[in-house]
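K.L.:
build me a structure from this.
(chains A and B)
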Protein chains: 2
Amino acid sequence: MQLTEKVRRIHRKIDEDFDQHLQLIQEYIRQPSISADGTGMKETAEKTRSFIEELGGKAQIVSTRGWPVVYGELFFDMPKTLIIYGMYDVQPVEEEKDMWIVPPFSGEIVDMQPFGKCLVSRGAINTKAPLRAFFNSCKTILEVEGKLPVNLVFVIEGEEELGSIHLPEFVEKHVKELSRANAVFFPLPAQDPKGKVVMFLGVKGIIYLELTCRGGEWGGPTKRAIHSSNAAWVESPVWRLLWALNSMRTLDGKICIEGFYENVSSPTAEEEALIVKLAETFDEETIKQEIEVLRFYRNLHGAELVRQYLCSPTINIDGITAGYTGLGTKTVLPHEAKAKVDIRLVPNMQTDEIIKKLKTHLENQGFSDIKIEIHDCYPWAQVSVEESVVQAMIKTYRLHGYEPEIWPRIGGSAPFYIFNQPPLNLPFVIGGLGHGSRAHSPNEYITVEGLRENEKSIATFLYQYASSEEQT
Amino acid sequence: MQLTEKVRRIHRKIDEDFDQHLQLIQEYIRQPSISADGTGMKETAEKTRSFIEELGGKAQIVSTRGWPVVYGELFFDMPKTLIIYGMYDVQPVEEEKDMWIVPPFSGEIVDMQPFGKCLVSRGAINTKAPLRAFFNSCKTILEVEGKLPVNLVFVIEGEEELGSIHLPEFVEKHVKELSRANAVFFPLPAQDPKGKVVMFLGVKGIIYLELTCRGGEWGGPTKRAIHSSNAAWVESPVWRLLWALNSMRTLDGKICIEGFYENVSSPTAEEEALIVKLAETFDEETIKQEIEVLRFYRNLHGAELVRQYLCSPTINIDGITAGYTGLGTKTVLPHEAKAKVDIRLVPNMQTDEIIKKLKTHLENQGFSDIKIEIHDCYPWAQVSVEESVVQAMIKTYRLHGYEPEIWPRIGGSAPFYIFNQPPLNLPFVIGGLGHGSRAHSPNEYITVEGLRENEKSIATFLYQYASSEEQT
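P.N.:
Predicted structure coming up:
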C-alpha cells in the first residue's frame, strides 16, 4: 500500500507552505479563549468561523445557553460527509502562570529536548493548534485539487473544557443537518513521546457527583463547627460521610452498591483480541513513570492489567473536605463534610440506572439524609475497529509508516455519546499524526515537525475515508 | 454562713475603686498579645511582671524555648501558698476582624443586651481581663489589710493558646519553688449566660494527631494527583485513609482499637453522686441551642447523657482533606489524603498507652504506611470535690448567694496535669464569679458588673482558702 500521487502532491505543497501554515497556527494560538472566565471567547468564535469561510464554506455562530457553537458546512457533492468535531476553548492559565517557560499565549517556538522545536502554548495540543492544522490541510487540498474528497460539517464548540454542557442542546436542534454525516472526526495528534501512535475506539461514561453530609435530625452540629469536646455526646457528619463512602466500596476496590455490576459486559471478542494484541506492545514501565506510581492495582500485568483498566467501572474520590485543614491544631467537630466522587461507566451500564442504584444503596444503608448533587453525567461511547472511518485512520497511519497501538477504549470520558448514541448513531474516530503533551498543565506543547506531519496525515485520511467502502 | 466584716470591708473598697480598676483592666486589654504571631508579647510580659511588682512581689521574665513565663512570688509568711496559674497571651483576630462590633483591642465598653454594659475585646473572658481583675482584688486587700491571707506564686505563661508547649519545661526547672505551694488557682469567671455558676473539677486528656496516607510501595500515585481515569488500575490513598479511619470506630461510636477501653474507669462514687445531682439542674435544651444540635448521641437524656459526655473517651475527626475541593468538577486521583484527629482520654487512660495501641491497630490492619504525626498530647487531670481549695471556692460561691452546678470534669482538655501529676501533685481549682463568653470568637466579652463581682469573689476565696482545714 502506497500513498497516491495525488496525496503526495498535496504533501509536497504542505512542505512548501509550512512556514506560512505555522504562522497561521501561532496566530490562532495567540488569541486566548478561556471558557472558564470568558477571556477572548467572542473573538475566537469569530476567528474560527472565518476559517470555515476562507475554505469557501458557509458558517455561523450559533448561540446556546453557554458559549456559542461555530457551525459550518462545506459541501462538494461528494458521497461521504464527515462531521469535524472540535473545540475553540482552552483551559485557564492563571494558577500556573509562573511555571511557564514562555507566556502561555505568546505562541513562541522553543527548542525543547528531546523533541526539538516545539510550539509551547495553551492550546498547543488541546486543541487549537491541531484544529488550525486541520484547516491548513484542507486549504492546501483546495489549492492543489480545487475540492475536498468529502463533504464537511463543522461543529466546533466553546465549552469542551466546561464539560460540553450545551452541546447536547445544540445537537438536538440540528439533528436534521447533522444526520447527513456518515461519521465524526475529532482531530487530535496521537503519537506518544517515543513516536508510537496510540488509538482508542471508545470512552467510559462518567457520573461526577458531590456528596454532602450535614448535621440534622439524625444528630450532629447543624450550623457551624463546634468544640470537639462535644464529640462525646454529639454525632459527627464526618464519620457519617466516611461510613457512607466506605459502604460503597471495599478496601480492595470491589464496589458494593447493589446491582452495580449487573450491566457490565465482558469484553467483546473484538475487544478481547485488541487487548491481547495491545498487551504485547503496551509499555507498562513508561506508564508507571508517567503517572509516577510504583505498582498497579493488585500487581496485575499484561493483558490482565489492560483488561482491568479498560473494562472495570470505578468509584473514585476526587476530593474530600471537612473541618479544619490548616496548619497546626484546631479542635472542632465539623457540621458538614463533602466528597467529590466520580463513577466511570463501561458498556453497557446506564447513567440513570447507576444513579438510581446509588440512591437506593444510601437509603438502604440509612444514609438518606446525605445530599447527592450530580455535576457531570454522560454515558460511554464505543465504535468498532471495523468502522470504515476507523479503518481509514488505521490505513493512514500505515501509509505514513506507523503501526498503531489500538485500545478498545480509554479509561477517561468524553462526550462522544452525543454523536454516537441516538438520534445520530454515528461512528467516530480521533487522531492524526504528531506529538504534543501537558494538556491542562504548564508548558503544554506540540512539536513543530509533528504539526507538519499532522497536516499531511489529515490529507491522507480524508482521501482514505473518501475511497473506503462504507460499512453497512 | 456569712461574709466576715473584714471581707465586707474589702468588698466596699472594691466598689469605691471600681472605676479605676476597670480602667486598669481596659489598659491591659488594649495591649495586644498574640502568641500565634508574636504581636505585643514582649510588652505584655513586661506589663504582667510589673503587676506582681506593684503588689510588692518579686517577679522575673523566665525564658523558655518559646514565649517566656512571667514568674513571681509574693510571700507573707502565711501557712498556705497558692500558685496563681494564668496566661498573658490571646487568640489571633486577623481572620475575623470584620465581624467585631468594636476594634478587638480597643477595650471599649459596649451596651450588649441582655447583659448590659460589657467589655468587648479579645482577652475579655480568655483571660486577660480576669487576670487583671485578680491583681485588682489583691491590690485592694493590700490597701485595706496590708497583707494577703495566703502566699502567692505566679506562673503566667504566654503560650496557652499554643497548647502550653513549653510550660512543662518551665515547671520541671522550677519544681523546688513550685513545691512550696498547696494548690493551684486559675482565675476564670464561671457564670453562664443565665447567671448559673458552673464548676468543673477535671479535664480530659488529649492526643491531637495527623494521619497522612500517600501513594507508595503499596500503590497509589506518589508525587501528584493524576487523572482519575487511572482509578481503574491505580489504588487511591483517599480510600485507604478512609478505611484506616473507619477501622478505628463503628458508625455508632464504639472505638475498635484493640484495648482502647482497657483503662477506662467507671465513674467513682463521688463522680456518680455529682453526675446524679448535676443531671437535675443541667439544662439540656439550652445546651442544644448553644451548640445548635437537634439531638444528642443515641438520644440520651439526663444522668445517662451527662455520664456519656464526661466518662467516654472519643475519637473525633477535626478535619480531613484530599484532592480537589474547589467549585465544580475536576477529575483527579489524589496522591495524598490527610486527617486531623483528636482522641480525648478519661481517667485512667494514659497517653503513651493509647498512642501505642493506635499504632499497633494500624499495623495490624495493614496500614503501617500511614504516617502518624502527634501534635498535642497530654493527660487528663482530676481533683476531688473534697479538696480544700475546691471547697473554698464552693463556699465562696455560696457566700455570694450562688449554688454552683458541679461537673466532675468537662469534655475539653487543658494542661492542668502539669501541676496535678508528679512531681507537683497539686490540687487545682478554676473559677470566680462573672459572666463572659465567645472565647476564640468575634466580640468576646465580659460583663462589667461581672468583673466587679469577680474581684469581690476573689477576695472572698483567698480568705476562705486561708481559713480552710488542709486535707491530708
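K.L.:
nearest residue to the closest residue to chain B within the stretch 51-200 of chain A other than its sequence neighbours?
P.N.:
Of all residues in the stretch 51-200 of chain A, residue A:163 sits closest to chain B, at 6.8 Å by C-beta to the nearest C-beta. Where C-beta positions appear, they are placed from N, C-alpha and C, glycine not excepted. Of all residues not flanking residue A:163 in the chain, residue A:376 sits nearest, at 4.8 Å (C-beta to C-beta, 6 or more residues apart in numbering or on different chains).
K.L.:
now residue A:321
P.N.:
Residue A:321 sits nearest to residue B:325 (C-beta to C-beta, 6+ apart), 4.1 Å away.
K.L.:
with residue A:34 instead?
P.N.:
Distance criterion C-beta to C-beta, 6+ apart; nearest residue to residue A:34, sequence neighbours excluded, is residue A:92 at 5.2 Å.
K.L.:
residues in contact with the one you found?
P.N.:
By C-beta atoms under 8 Å, 6 or more residues apart in numbering or on different chains, the contact set of residue A:92 is A:34, A:36, A:37.
K.L.:
quick one on the thing from earlier: distance-wise, check the residue nearest to residue A:163 relative to residue A:338.
P.N.:
Look at residue A:376 and residue A:338: by C-beta to C-beta, to the nearest Å, they are 17 Å apart.
K.L.:
how about residue A:252?
P.N.:
From residue A:252 across to residue A:338, the span is 25 Å (C-beta to C-beta).
K.L.:
who has more neighbours out of the two?
P.N.:
Between residue A:252 and residue A:338, counted using other C-beta atoms under 10 Å in any protein chain shown, residue A:338 has the larger neighbour count: 19 against 10.
K.L.:
where does that one fall, secondary structure wise?
P.N.:
Assigned by DSSP states H and E, residue A:338 falls within strand A:336-345.
K.L.:
near chain B at all, that strand?
P.N.:
Yes: part of strand A:336-345 sits near chain B under the criterion C-beta under 8 Å from any C-beta of the partner chain, namely A:337, A:338, A:340, A:342, A:344.
K.L.:
and those residues, which is closest to chain B?
P.N.:
Chain B has its nearest neighbour among the residues of strand A:336-345 next to chain B in residue A:342, at 5.4 Å by C-beta to the nearest C-beta.
K.L.:
specify the beta-bridge partners of that closest one.
P.N.:
Beta bridges link residue A:342 to residue A:208, residue A:316, judged by DSSP bridges.
K.L.:
report the contact partners of residue A:112.
P.N.:
Counting by C-beta under 8 Å, 6+ apart, residue A:112 touches A:118, A:120, A:445.
K.L.:
which among those count as buried?
P.N.:
Applying 16 or more other C-beta atoms under 10 Å in any protein chain shown to these, the neighbour count classes A:118, A:120, A:445 as buried.
K.L.:
take those and keep only those in strands.
P.N.:
Here DSSP state E is the test, and these give A:118, A:120, A:445 as lying in strands.
K.L.:
residue A:460 - that's part of a helix, no?
P.N.:
Yes: with DSSP: H, G, I helix; E, B strand; the rest coil as the criterion, residue A:460 is part of a helix.
K.L.:
that one - how many residues pack around it?
P.N.:
Residue A:460: 26 neighbours (other C-beta under 10 Å).
K.L.:
look up how far chain B lies from it.
P.N.:
Taking C-beta to the nearest C-beta, to the nearest Å as the measure, residue A:460 falls 30 Å from chain B.
K.L.:
looking at this, residue A:359 is in a strand?
P.N.:
No: with three-state DSSP as the criterion, residue A:359 is helix rather than part of a strand.
K.L.:
so which residue of the stretch 1-150 of chain A comes closest to chain B?
P.N.:
Scanning the stretch 1-150 of chain A for proximity to chain B using C-beta to the nearest C-beta identifies residue A:36 as nearest, at 9.0 Å.
K.L.:
and residue A:195, that's in a helix?
P.N.:
No: using three-state DSSP, the secondary structure at residue A:195 is coil, not a helix.
K.L.:
re the thing from before, residues near the residue nearest to residue A:321, how many?
P.N.:
Residues contacting residue B:325 under the criterion other C-beta under 10 Å number 16.
K.L.:
now do the SS call for it.
P.N.:
Applying three-state DSSP: residue B:325 is coil.
K.L.:
which residues touch it?
P.N.:
Residue B:325 makes contacts with A:319, A:320, A:321, A:338, A:340, as judged by C-beta under 8 Å, 6+ apart.
K.L.:
looking at these, which is nearest residue B:293?
P.N.:
Closest approach to residue B:293 among the contacts of residue B:325 (C-beta to C-beta): residue A:338, at 19.5 Å.
K.L.:
how about residue A:225, nearest residue that isn't a chain neighbour?
P.N.:
Excluding the flanking residues, the one nearest residue A:225 by C-beta to C-beta, 6+ apart is residue A:332, at 4.0 Å.
K.L.:
and that neighbour, bridged to which residues?
P.N.:
Following DSSP bridges, residue A:332 is listed with bridge partners residue A:227.
K.L.:
and the one 5 residues further on, by the same measure?
P.N.:
Beta-bridge partners of residue A:337, counted by DSSP bridges, are residue A:213, residue A:322.
K.L.:
closest residue of the stretch 351-472 of chain A to chain B?
P.N.:
When scored by C-beta to the nearest C-beta, the stretch 351-472 of chain A has residue A:411 as its residue closest to chain B, at 3.3 Å.
K.L.:
check contacts around that residue.
P.N.:
A:204, A:309, A:310, A:344, B:227, B:229, B:230, B:231, B:232, B:233 are the contacts of residue A:411 under C-beta under 8 Å, 6+ apart.
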